[in-house]
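**Student:** Provided below are the primary sequence and the corresponding predicted coordinates.
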Protein chains: 4
Amino acid sequence: MRVGLLTGGGDVPGLNAAIRAVVKRGVGEYGHHIVGFRNGWKGVVDGDVVPLDRTHIRNVLPVGGTLLGTARFHPHAADGGLDAVLTTIENEHIDALICIGGDGTLHAASKIAEAGVKIVAIPKTIDNDVWGTDSSIGFDTAVTIATDAIDRLHTTAESHNRVMIVEVMGRSAGWIAATAGIAGGAELVLAPEQPFDIERVVRFLKHRHRSHASFSIMVVAEGAVPAEGSAMDYEMQLGQFGQIVAGGISERLKVEIEERTGFDTRVAVLGHIQRGGTPTAQDRILGSRFGVAAIDAVTRGETAVMTAVRGENVELVPLSEIAGKVKHVPTDMLEVARALA
Amino acid sequence: MRVGLLTGGGDVPGLNAAIRAVVKRGVGEYGHHIVGFRNGWKGVVDGDVVPLDRTHIRNVLPVGGTLLGTARFHPHAADGGLDAVLTTIENEHIDALICIGGDGTLHAASKIAEAGVKIVAIPKTIDNDVWGTDSSIGFDTAVTIATDAIDRLHTTAESHNRVMIVEVMGRSAGWIAATAGIAGGAELVLAPEQPFDIERVVRFLKHRHRSHASFSIMVVAEGAVPAEGSAMDYEMQLGQFGQIVAGGISERLKVEIEERTGFDTRVAVLGHIQRGGTPTAQDRILGSRFGVAAIDAVTRGETAVMTAVRGENVELVPLSEIAGKVKHVPTDMLEVARALA
Amino acid sequence: MRVGLLTGGGDVPGLNAAIRAVVKRGVGEYGHHIVGFRNGWKGVVDGDVVPLDRTHIRNVLPVGGTLLGTARFHPHAADGGLDAVLTTIENEHIDALICIGGDGTLHAASKIAEAGVKIVAIPKTIDNDVWGTDSSIGFDTAVTIATDAIDRLHTTAESHNRVMIVEVMGRSAGWIAATAGIAGGAELVLAPEQPFDIERVVRFLKHRHRSHASFSIMVVAEGAVPAEGSAMDYEMQLGQFGQIVAGGISERLKVEIEERTGFDTRVAVLGHIQRGGTPTAQDRILGSRFGVAAIDAVTRGETAVMTAVRGENVELVPLSEIAGKVKHVPTDMLEVARALA
Amino acid sequence: MRVGLLTGGGDVPGLNAAIRAVVKRGVGEYGHHIVGFRNGWKGVVDGDVVPLDRTHIRNVLPVGGTLLGTARFHPHAADGGLDAVLTTIENEHIDALICIGGDGTLHAASKIAEAGVKIVAIPKTIDNDVWGTDSSIGFDTAVTIATDAIDRLHTTAESHNRVMIVEVMGRSAGWIAATAGIAGGAELVLAPEQPFDIERVVRFLKHRHRSHASFSIMVVAEGAVPAEGSAMDYEMQLGQFGQIVAGGISERLKVEIEERTGFDTRVAVLGHIQRGGTPTAQDRILGSRFGVAAIDAVTRGETAVMTAVRGENVELVPLSEIAGKVKHVPTDMLEVARALA
């Protein structure tokens, strides 16, 4: 059997564990031929193929990124993209495809499965918003990095009435913000799931600093937004800060908080630091288990499914079940974050 | 309401997160009085009580150990122990008890619940062998530490034909060995679940070194045992090494392997390093969620239950369901460890 | 003997190691009374005193920040500040003062020594720009954190022609930028010591991406400035971005680079994360050795000196020798950074 | 110019930084040809050569071990070894040699320099006992790992009257034991420089536990020895435990302490974990600076010298000055360790 493998979308720590598992199990247990496509779907479209064996996966477990390269490229969105995919798969005699990726890759996988290609997907995203699985590759590492940053801020309290903002990733879901906020003991978590009211934020900070605290740490998801009709929302419409992309929401919050409270406010933007470096043990285990489950599924002839972790088990979920869904942070998790602030 | 809180058994990273959550939520949300017992059940028996409020839980999230102290003491095993517990609970006007612990503490909790005391338990153990929950407090940190150790050994390969043994905790279950073995990419995992045959171990090492490898890493649970009737088992009966307690199985394996293969073999014994230090983000989140769930349960009047994580949810499990059961590493997890070696 | 102790200026990891050493050695070896002043010089001015013994320094070695608190307050700059200091020292019967701090604190120490108070200083600053000592408390931890951030960025290379900017601390000297740049293998280091020419930066990036690289990492000290008369300098005079304080230079560079190269550019601002959290082993050792040397010096009757590490030895340097001097990154260190880019 | 490069002796974190610096600077700045010898001096004897360019040193900064491989092989000790070295150097047209290693390698370098080969050495050893330099590559990482282990033990104090022994490397010098002992706040440090008296150790532990402490942490260098004529020394002569090599001294201490105090005693043996894994920022900077200095020296025609760090500077030291000397931990450092226990 000849199995194609690719990693799509933004890279995250733990991808190499999944690649390694597919190759070790595929070659060692089943005697399959495994070929990798470079740079995600782009490599499939371009026929950019590399055979994978044990020599390629040596020492990759602790290494972040992906040895196959990746790209933000969607074959179904590009002209003739799907056809090019099918052509490559035929030319390369690929019997089945394993693709590791986030929303975009999973969507592409659905389309390609519909066109008759056998395909099994593995979910990865530091945002943890893929529906149908408790966790995706990369999330645990991102939470660990963000927690470490909050820990560090907690020991540095050089001045009174200072507010520290840590901006973390999470465009449509606030998983990193909520969980790192709990783990790091942040005073305030702003997540996309609950649009914030700047006036309540300011009230909270003022009350806290008046009653007992000398400083506060806020964890802000990059996708946090002011509630419709609330104060900051109005100004947002004015577009006063519209041109600032990176550190956007944090920089705006800084200005608002300083103006409204007089508290010195500092910003740390973790940015891509969250998606790089050595994966945590959990992300390596998850990647390894997903890799084994995917090659096992492919060997059994399964298709149009995604590997998922549910409790202690790794299961397969039909791609059709997860299409178009975003897994938001449940309200009770946000409640824990709030209760422990 | 007046709630008593204790941590029993060996300490693990993440206990303080649970204590903090019980206090923050208990005091802040419900206005309960929370009192802590020092040094586990011993403190209950002795009436060694300390009131807990926000000042006690400041900055404890990243700190390992337990601010309440702990002890390996089982009230049901001590003469008059249970009676002393009931007396203290009456004297201190305790309405309900939250106890955080492993097998011993959970067993004590059952006994005390039977005597009519309202009690909610929170599972902790780095061995991860508590039945009924996907994970217990302390396990993720232990796996992380063990994985880091294996990583380090992987980059040091100064000599040919060297075998490195890392001994990890796990007396009756090999969770740390299996998961850290997967995460660290160990060549061989010996867990209590599958008694080993030294001759097969030696055959594997010889074959590996003859074919392509210059050295091998073995992860050995302290509770790993030779298969009945196999070579090492016989010698074990002779008790040749019986006097060595710490590093017992590893030191024995070292001698056996060196004798049978001639490969230079080195041992690292992680020991208590695995159960100390800053908890991982996961252990803090787990502790925090368990603490919130426990105080919520106690407030609702629940009793004789244990908090458990199942998939994405925290649930309550009757203590009666888990009594006397050990959660072993499932065969498919050991299979993943084997397949990826 | 009665010795006063204070920590001034911004806090850094390793201060507690120095405090612990002063107390352990002062009390245990010499039988001195050690009293701490809260919040730096402010506590001296206000007479905010706390006796220090072994119970206060338990478990503080791995904890960042300072158990005494600190403040950016300069007694010689405040009206009647010096007099208030002298009054407190008399009222509290202080025989000698040990002050741990950066430029501001060292300057204050000189003034107070001139007024006849026995004083020994210990240098701390993550910027490492205190003259007369190879290293100051806090620097090693900051470099470690910045290096870890660069490492993480190095494994995430999801897109072609992307530029990653990491902004680190260093207002008047680029020690963190240069050393973390070397340790992390950054492609470009911008330090205050060598004002940059944006056109050369852009030429370098374009050349690099054209010839072989898919992305570049720049480490930028917060105090990096465009060369006088160079392109960005002109715009700086226009004040176009003048209002942005945090992430100032990086945000400006981002805009410039994107405009001039078309490369997608992302910014990470480490901010106060660099000055918090568990100190490295080196910073604890340095703090411990400085603490011992300071209390030894004070006991011998020395005054107006600073502890300094020079090679393997800890020595004492007259405060008069270091006054007004800034230790810049030597050219050959910047050359190493450049050569290895 | 054609420069040969090798790494000899046990591997340590930071070797790759030095290799990378030699190659980057050698090729990029000077246009030299750099060739690597595999597995230390063995590769020179065998003529096992590999050309080194920029592709070989990509992403190696954070990776432990050595990309060239290493071996404990001394050409001057092997029959015809020196001749074989000279033959290879002539056959491969090597103009100068850079060798990175510890005592053995430095000794070999002297011999080969005497035979007329131009040679520059770079010191590496986690033991830090190379004379003539403040620090050697690998030491800082080892201290960091050992400190982390002590930190973890400090938070786990589940039982009263327990003694924790951490065995660290250091055969003839106790640098890791002393510095990690200071950084981690160990209660007792046993180093080869000061043979211990088990009766004093036991007295100290008993006194400590009687007065205030519930447990004690001892850091023991593998080369720690009982004082001549003292109790344990006598038993040592009996050879009762003579057969145990790994964990030798700790296992013996455990038995002695338990017998003499009744305190439960546990052992952790860090072993090779100390010499593997990601190098610290300091070790990468040291390796980078040494690499640059070595290739610069070689280019200038220097020979029979070793790179050394002294204070803030990297200098060259004649090999003749360091021959046969061991750099022991200075008494005042051991005194700091003792004073802060």
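**Tutor:** Yes, it's here. Bear in mind the structure is a predicted one, so any value in this text is a computation, not a measurement.
**Student:** In the helix or strand encompassing A:V23, which residues are buried?
**Tutor:** If you go by DSSP states H and E, A:V23 is part of helix A:15-28. Neighbour counts over helix A:15-28 (16 or more other C-beta atoms under 10 Å in any protein chain shown) mark A:15-27 as buried. (Each C-beta comes from the backbone N, C-alpha and C, glycine too.)
**Student:** does any bit of that helix sit next to chain C?
**Tutor:** No. Using C-beta under 8 Å from any C-beta of the partner chain, we find that helix A:15-28 stays clear of chain C, coming within 9.6 Å at best.
**Student:** for that helix, packing partners?
**Tutor:** strand A:2-7, strand A:33-37, strand A:96-101, helix A:281-299, helix B:331-339 (3 or more C-beta pairs under 8 Å, 6 or more residues apart in numbering or on different chains; DSSP states H and E).
**Student:** any idea where the strands of the stretch 151-300 of chain A begin and end?
**Tutor:** In the stretch 151-300 of chain A, the segments counted as strands under DSSP state E, counting those that start in this stretch are A:162-168, A:188-190, A:215-221, A:264-269.
**Student:** ok, the single nearest residue of chain A relative to chain D - contacts?
**Tutor:** As assessed by C-beta to the nearest C-beta, chain D sits closest to A:T278 within chain A, at 7.6 Å. Residues near A:T278 by C-beta atoms under 8 Å, 6 or more residues apart in numbering or on different chains: A:P13, A:P62, A:V63, A:G64, A:T141, B:D151, D:T278.
**Student:** Please repeat the previous calculation with a cut-off of 6 Å.
**Tutor:** Contact analysis of A:T278 by C-beta atoms under 6 Å, 6 or more residues apart in numbering or on different chains lists A:P62.
**Student:** about what we covered before: tell me the angle of the helix holding A:V23 relative to helix A:281-299?
**Tutor:** Angle, helix A:15-28 to helix A:281-299, by axes from the mean of the first three to the mean of the last three C-alpha atoms, to 10 degrees: 40 degrees.
**Student:** Quick one: mean pLDDT for helix A:15-28?
**Tutor:** Mean pLDDT, helix A:15-28: 97.
**Student:** Any chance you could list what contacts that helix?
**Tutor:** Residues outside helix A:15-28 that contact it (C-beta under 6 Å, 6+ apart): A:3, A:5, A:7, A:32, A:34, A:52, A:57, A:60-61, A:63, A:66-67, A:98, A:100, A:122, A:284, A:287-288, A:290-292, A:295, B:339-340.
**Student:** And that helix, how far out from the chain middle?
**Tutor:** Distance of helix A:15-28 from its chain centroid, counting by C-alpha atoms, centre = their mean, to the nearest Å, is 21 Å.
**Student:** burial measure for A:M1, as a count.
**Tutor:** Neighbour count for A:M1, taken as other C-beta atoms under 10 Å in any protein chain shown: 15.
**Student:** Which other helices and strands does whichever strand or helix holds A:V120 contact?
**Tutor:** Assigned by DSSP H and E, A:V120 belongs to strand A:119-123. With contacts taken as 3 or more C-beta pairs under 6 Å, 6 or more residues apart in numbering or on different chains; DSSP states H and E, strand A:119-123 sits against strand A:96-101, helix A:103-114, helix A:281-299, strand A:305-310.
**Student:** so A:T66 touches A:V12, yeah?
**Tutor:** No. Between A:T66 and A:V12 no contact is recorded; they are 8.4 Å apart, counting by C-beta atoms under 6 Å.
**Student:** Of the two, give the one with the bigger neighbour count.
**Tutor:** Between A:T66 and A:V12, counted using other C-beta under 10 Å, the more crowded position is A:V12 (33 against 29).
**Student:** which residues does the closest residue to the more buried one other than its chain neighbours contact?
**Tutor:** Taking C-beta to C-beta, 6 or more residues apart in numbering or on different chains, and ignoring the residues beside it in sequence, A:V12 has A:G138 as its nearest neighbour in space, at 2.8 Å. Neighbour list for A:G138: A:V12, A:P13, A:G14, A:K124, A:I126 [criterion: C-beta under 6 Å, 6+ apart].
**Student:** Can you name the residues of the stretch 51-200 of chain A that neighbour chain B?
**Tutor:** A:L61, A:P62, A:D134, A:V143, A:T144, A:T147, A:D151, A:T179, A:I182, A:A183, A:G185 (C-beta under 6 Å from any C-beta of the partner chain).
**Student:** Look at the fourth one and give its secondary structure.
**Tutor:** The local conformation at A:V143, judged by DSSP: H, G, I helix; E, B strand; the rest coil, is helix.
**Student:** Counting neighbours, what do you get for it?
**Tutor:** Using other C-beta under 10 Å, the number of residues around A:V143 comes to 31.
**Student:** Could you tell me which residues make contact with it?
**Tutor:** Going by C-beta under 6 Å, 6+ apart, A:V143 touches A:I176, A:T179, A:A180, B:A281.
**Student:** Now A:T331: closest residue in space that isn't a chain neighbour?
**Tutor:** A:E193 (7.9 Å).
**Student:** Which pLDDT value does the model give A:G239?
**Tutor:** The model's pLDDT for A:G239 equals 45.
**Student:** Break chain A down into its domains, please.
**Tutor:** A:2-138+A:279-322, A:141-275 (automatic domain parsing).
**Student:** What strands line up against the strand holding A:V120, and which way round?
**Tutor:** When sheet partners are counted by DSSP bridges, strand A:119-123 sits next to strand A:96-101 (parallel), strand A:305-310 (parallel).
**Student:** Contacts for it, please.
**Tutor:** Contact with strand A:119-123 is made by A:18, A:97-100, A:106, A:109, A:112-113, A:130, A:133, A:136, A:290, A:294, A:297-298, A:303, A:305-307, as judged by C-beta under 6 Å, 6+ apart.
**Student:** try stretch A:332-341
**Tutor:** So stretch A:332-341 is contacted by A:A178, A:G181, A:I182, A:E187, A:V189, B:A21, B:K24, B:R25, B:S288, B:R289, B:V292 (C-beta under 6 Å, 6+ apart).
**Student:** Enumerate the positions of it that are buried.
**Tutor:** Across stretch A:332-341, burial judged by 16+ other C-beta under 10 Å covers A:M333, A:L334, A:V336, A:A337, A:A339, A:L340, A:A341.
**Student:** Using CSV, list the CA coordinates for it.
**Tutor:** Extracted as CSV, the C-alpha positions of stretch A:332-341 are listed here (Å, rounded to 0.1, in the frame of the first residue of the first chain):
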residue,chain,number,x,y,z
ASP,A,332,-18.5,26.4,32.8
MET,A,333,-14.8,26.6,31.9
LEU,A,334,-15.1,30.3,31.6
GLU,A,335,-16.9,30.3,34.9
VAL,A,336,-14.0,28.4,36.5
ALA,A,337,-11.7,31.0,35.1
ARG,A,338,-13.9,33.8,36.5
ALA,A,339,-14.4,32.1,39.9
LEU,A,340,-10.7,31.6,40.5
ALA,A,341,-9.6,35.1,39.4
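**Student:** in the stretch 51-200 of chain A, what spans have low per-residue confidence?
**Tutor:** In the predicted model of the stretch 51-200 of chain A, residues A:157-159 satisfy pLDDT under 70.
**Student:** The same query, at a cut-off of 80, please.
**Tutor:** Residues of the stretch 51-200 of chain A meeting the criterion pLDDT under 80: A:78, A:156-161.
**Student:** Show me which residues of it sit near chain D.
**Tutor:** With C-beta under 6 Å from any C-beta as the criterion, the stretch 51-200 of chain A does not meet chain D at any residue.
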